[in-house]
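Enquirer: Quick one, what's the 3D model for this:
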Amino acid sequence: MGSSPAKPEFVNVLADKQVKEGEDVILRCEANIGEVTAKWEKNGSALECVEGKHTMTQSGTTFSLIIRNAAEEDEGSYTLKLWNDSGSASCSAMVIVELNEWRNAQWNQHPLITALRNFKISNRKVRELRFLLAGPVGAGKTSIINTIKSIFAGHQFINCLAASDSCDFTINYQKHTIGTYPFAFCDMMGIASGQSEGLHTDDVISALKGHMPNEYNFCSRIPLCENTQNYIRNPSVNDKIHCLVSVIAADKIAILENDVIQKMKTIRAEASKLRIPQLVFMTRVDKVCKMTRGDLAKIYQSKKIREKMEECSTRLGVPVNCIFPLKNYHEETNLNEELNCLMLEAFTQAVYSAHEYVTKCSQ
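Expert: Predicted structure coming up:
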């Protein structure tokens, strides 16, 4: 009787590939034997070979897949499965395609910082532009404030306690200024699932209208009312919020509970009635895109980031051009110019939007 063939094993496995749009991709690995049946898959399904696009070869114990003229639809996880009567083996690799830049970005922070430092408010009744940060617990609201303060200070600034994914340190309404500049961020408790958890939507609406006093302590079950101590009954333009910034984490968009999304939509709808401009800061982009994690300057060449922006647009009902993908300082100890530029561009748009709002208020 003949001996059974050796069980297939990989001597060298497939390696991840990152290529520019239009380049060829070559995936290659080596097995211990060549007498096997081989099958290529993409994202868990059999790879549908297209003539002139895919070439699968075997030379002895070496197996190769060539993908010509890489396009965004070629991005994905590729797997080679080998088997014979003695067993099977498989290995996978991720192919990432750098798209042609689909949104322009400024990668020099100095002009952005200079423009913001020289910014003047045209409405004399407004001392500072106020930006309200609203979003789920752990989305990075407080970290945005820390990041912007770090950029203007020129060194890491860690003064506001930031939340973890499940814990919110913000229990009262806090106004944070940015040095001596005419900008202030209003930080709030995170939005949570359930009627009696997290921030009450009526509190956000009160803040938008300028009724909420600084240091107000939030209560999930009892929102701010006229009988609350220090309630601002007749808010001035300076007391009101001038731009609503919804903060949402890129890696949490798909799993956010529907009632959290509905609360955010309710807040946005009220802001629209008040004609308050709105933007979305999409944080934690490095958690969803390997290419962006390695090089933030390639964020607008990432298919994954664009998909997350479109998903965010669909769930929140916000135009894609109002969504700004970015990263906060979290683990870093040194400043990063690409990170700074993404934040500064988003913040600059918020400043211009808020200024347009207060300008209209003075007319």
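
Enquirer: which SS state does residue 57 fall under?
Expert: Look at residue 57: counting by DSSP: H, G, I helix; E, B strand; the rest coil, its state is strand.

Enquirer: And it, how far from residue 30?
Expert: Using CB to CB, to the nearest Å, one obtains 13 Å as the distance from residue 57 to residue 30. From N, CA and C alone the C-beta is placed, and that goes for glycine too.

Enquirer: Show me which of these two is the more surrounded one.
Expert: residue 30 (15 against 11; other CB atoms under 10 Å).

Enquirer: Contacts only, for the more buried one.
Expert: Taking CB atoms under 8 Å, 6 or more residues apart in numbering, we find residue 30 in contact with 10-12, 61-63.

Enquirer: Adjacent strands (with direction) for the particular helix or strand that has it in it?
Expert: Element membership for residue 30 (DSSP states H and E) is strand 25-31. Next to strand 25-31 in the sheet, as set by DSSP bridges, lie strand 10-12 (antiparallel), strand 62-67 (antiparallel).

Enquirer: Give me the buried entries from the contacts of residue 30.
Expert: Buried subset of those (neighbour count, 16 or more other CB atoms under 10 Å): 10, 61, 63.

Enquirer: what's the strand of greatest length in the chain in contact with?
Expert: Across the chain, the longest stretch assigned as strand under DSSP state E is strand 87-98. Identification of contacts with strand 87-98 by CB under 8 Å, 6+ apart yields 7-10, 13-21, 25, 27, 29, 31, 67, 70-72, 74-83, 290-291, 298, 301-303.

Enquirer: Mind listing what's buried along that strand?
Expert: For strand 87-98, the neighbour count (16+ other CB under 10 Å) marks 89, 91, 93, 95-98 as buried.

Enquirer: Quick check: the farthest pair among these?
Expert: Pairwise distances across the buried residues of strand 87-98 peak at 30.7 Å for 89 and 98 (criterion: CB to CB).

Enquirer: Now for the closest residue to residue 328 other than its chain neighbours: which residues touch it?
Expert: Once flanking residues are discounted, residue 328 sits nearest to residue 143: 3.8 Å by CB to CB, 6 or more residues apart in numbering. Residues near residue 143 by CB under 8 Å, 6+ apart: 162, 283, 328-330.

Enquirer: rewinding a little: now, which of the buried residues of strand 87-98 sits nearest residue 191?
Expert: residue 96 (32.7 Å).

Enquirer: what's the burial count for the residue nearest to that closest one when sequence neighbours are not counted?
Expert: Nearest residue to residue 96, sequence neighbours excluded (CB to CB, 6+ apart): residue 18, at 4.4 Å. Burial of residue 18 is recorded as 17 neighbouring residues (other CB under 10 Å).

Enquirer: If I follow the layout properly, residue 18 ends up in contact with residue 289?
Expert: No - applying CB atoms under 8 Å, one finds residue 18 not in contact with residue 289, separated by 11.1 Å.

Enquirer: and the spatially closest residue to residue 302 that is not a sequence neighbour, how many neighbours?
Expert: Using CB to CB, 6+ apart and skipping residues adjacent in sequence, the residue nearest residue 302 is residue 289, 4.9 Å away. Neighbourhood size, residue 289 [other CB under 10 Å]: 23.

Enquirer: how near is residue 289 to residue 336?
Expert: 16 Å.

Enquirer: One more: residue 292?
Expert: Residue 292 is 13 Å from residue 336, by CB to CB.

Enquirer: For the two, indicate the residue with more neighbours.
Expert: Neighbour totals were compared for residue 292 and residue 336, and residue 292 leads with 25 against 13 (other CB under 10 Å).

Enquirer: Quick check, the more buried one in contact with residue 300.
Expert: No - the criterion here is CB under 8 Å, and residue 292 misses it with residue 300 at 9.5 Å.

Enquirer: returning to that earlier point: mutual contacts of residue 57 and residue 30, please.
Expert: Both residue 57 and residue 30 are in contact with residue 63, where contact means CB under 8 Å, 6+ apart.

Enquirer: Run through the bridge partners of residue 282.
Expert: Residues in beta-bridge contact with residue 282 (DSSP bridges): residue 248, residue 325.

Enquirer: ok, and what's touching stretch 193-213?
Expert: Stretch 193-213 has contacts (CB under 8 Å, 6+ apart) with 132, 134, 137, 168, 173, 186, 188-192, 218-224, 229-233, 235-236, 239-241, 244, 257, 259-260, 263, 266-267, 270-271, 274, 276.

Enquirer: Just the residues you listed: which are in helices?
Expert: In this view, the contacts of stretch 193-213 that belong to helices under DSSP state H are 259-260, 263, 266-267, 270-271.

Enquirer: What about these, which one has the most neighbours?
Expert: residue 267 (25 neighbours).

Enquirer: Give me the longest helix you can find in the protein.
Expert: helix 337-361.

Enquirer: And that one, what's buried?
Expert: For helix 337-361, the neighbour count (16+ other CB under 10 Å) marks 338-351, 353-355, 357-358, 361 as buried.

Enquirer: average pLDDT for that helix?
Expert: Per-residue pLDDT values across helix 337-361 average out to 96.

Enquirer: what helices or strands is that helix leaning on?
Expert: If you count contacts as 3 or more CB pairs under 8 Å, 6 or more residues apart in numbering; DSSP states H and E, helix 337-361 packs onto helix 109-117, strand 129-134, helix 141-153, strand 243-249, strand 278-283, strand 323-325.

Enquirer: Give me the angle between that helix and helix 141-153.
Expert: 100 degrees (axes from the mean of the first three to the mean of the last three CA atoms, to 10 degrees).

Enquirer: tell me the angle helix 337-361 makes with strand 129-134.
Expert: Using the same axes, to 10 degrees: helix 337-361 against strand 129-134 is 120 degrees.
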